[in-house]
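S.K.: Sequence and predicted structure, then a few things I'm wondering about:
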Amino acid sequence: MQKMKIGLIQMGLKTSTDLEPAAIRDAMNEAHLPLVQQAADQGVQVLCFQEVFNQPYFCPSQDGKWYAAAERVPEGPTCQMMQKLAAEHRMVIIVPVYEETETGVYYNTAAVFDADGSYLGKYHKTHIPQVAGFWEKFFFKPGKSNWPVFDTAYGKIGVYICYDRHFPEGWRALALNGAEVIFNPSATVAGLSQYLWELEQPASAAANGCFIAAINRVGTEAPWNIGDFYGSSYIVNPRGKIEAQASETEDELLVHEIDLDMVREVRNNWQFFRDRRPETYTRLTDGE
């Protein structure tokens, strides 16, 4: 059997948002290091953090201060730190950060480092919300990453970020490109979308015959106080069953071993990829 031991880290903000973004970044990176070490001690092979893991979720504001939170990928300080840790611990690490690609151009990004520390590439968040409390278009340019799948030392993985999860097309594209596990780092609060948290991603795992690992932060963040980030990070299998889940309120490292052979087993049983009819789906891509 082909196994993969996954680690997901959910965490609340550790500083005041009055600090400069660089100071917040350094404090949050430091706060994650003990959990990264715990993951290594428990034999985690693939580790993922929450969306823009080392900053507050600043999108309730439209404050240009937060542009200074953006880093270069993979040259920035956070990626350089995680690249070294990936090599040290023989661990694939998915690093969701705020990225500046050129002066004044910013993306919501996840960088992927293989178990030898090599940089495999990145995914840019594709779907960018613009609703009260989530003014993301002020901060992020929509990505067009062509659904990359990263062939890591431990298996083929994809990334889909937060609001992306509401769009089934991307899950399908990543699965068609070979993803066995898709990671969805998020920052989502109780209220309108919480009932979807344990509905959409299990359904997408079942529809695409893959594992999905969903990560959410915890706590509240002043001065915006848009609600409680409810954690509840989890790993769901290709049958749509949640196999492991973290708490709603605590900083936590969730560790769980999955059986990648289940991907083939489920896809052989449910022949969704054989029976799909892409030639009939032009309405999905006609631009309206």
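M.R.: Nice, thanks for sending it over.
S.K.: Next, count neighbours for the closest residue to H166 other than its chain neighbours.
M.R.: Using C-beta to C-beta, 6 or more residues apart in numbering and skipping residues adjacent in sequence, the residue nearest H166 is E200, 6.6 Å away. C-beta coordinates here come from the backbone N, C-alpha and C atoms, glycine included. Counted by other C-beta atoms under 10 Å, the residues lying close to E200 total 19.
S.K.: The top strand by length along the chain - contacts with which helices or strands?
M.R.: For the chain, the longest strand by residue count, based on DSSP state E, is strand 92-102. Here strand 92-102 touches strand 46-48, helix 77-89, strand 105-113, strand 155-159, strand 181-185, going by 3 or more C-beta pairs under 8 Å, 6 or more residues apart in numbering; DSSP states H and E.
S.K.: ok so, going back, quick check, the residue nearest to H166 in contact with R165.
M.R.: Yes: applying C-beta atoms under 8 Å as the test, E200 and R165 come out as touching, 5.7 Å apart.
S.K.: neighbouring contacts of whatever helix or strand Q201 lives in?
M.R.: Element membership for Q201 (DSSP states H and E) is helix 200-208. Residues outside helix 200-208 that contact it (C-beta atoms under 8 Å, 6 or more residues apart in numbering) are 165-166, 168, 171-172, 174-175, 184, 211-212, 214, 236-242, 266, 270, 272.
S.K.: Mind checking which of the residues you listed are buried?
M.R.: 165, 171-172, 174-175, 184, 211-212, 214, 236-238, 240, 242, 266, 270 (16 or more other C-beta atoms under 10 Å).
S.K.: Among those residues, which are located in strands?
M.R.: Reading strands off the buried ones among the contacts of helix 200-208 with DSSP E, I get 184, 211-212, 214, 236, 242.
S.K.: Can you say which two of those are spatially most distant?
M.R.: N184 and I242 (13.4 Å; C-beta to C-beta).
S.K.: Just give me the neighbour total for D63.
M.R.: Considering only other C-beta under 10 Å, D63 is surrounded by 13 other residues.
S.K.: from now on call the first residue 58
M.R.: Got it, first residue is 58 now, which makes that one D120.
S.K.: For it, give its distance to P78.
M.R.: D120 sits at a distance of 11 Å from P78 (criterion: C-beta to C-beta, to the nearest Å).
S.K.: Touching, N273 and G288? I think so.
M.R.: Yes: N273 is in contact with G288 according to C-beta under 8 Å; the separation is 5.5 Å.
S.K.: and for these two, which residues touch both?
M.R.: Q67.
S.K.: what's the helix or strand of the chain with the lowest mean pLDDT in contact with?
M.R.: Lowest mean confidence among the helices and strands of the chain (mean pLDDT, DSSP states H and E): strand 187-188, at a mean of 94. Strand 187-188 is contacted from outside by 193-194, using C-beta under 8 Å, 6+ apart.
S.K.: With stretch 78-92 instead?
M.R.: So stretch 78-92 is contacted by 66, 68, 70-72, 74, 76, 106, 110-113, 122-123, 125-126, 128, 134-135, 138, 308, 310 (C-beta under 8 Å, 6+ apart).
S.K.: Pull out the buried positions in it.
M.R.: For stretch 78-92, by 16+ other C-beta under 10 Å, it's 78, 81-86, 88-89, 92.
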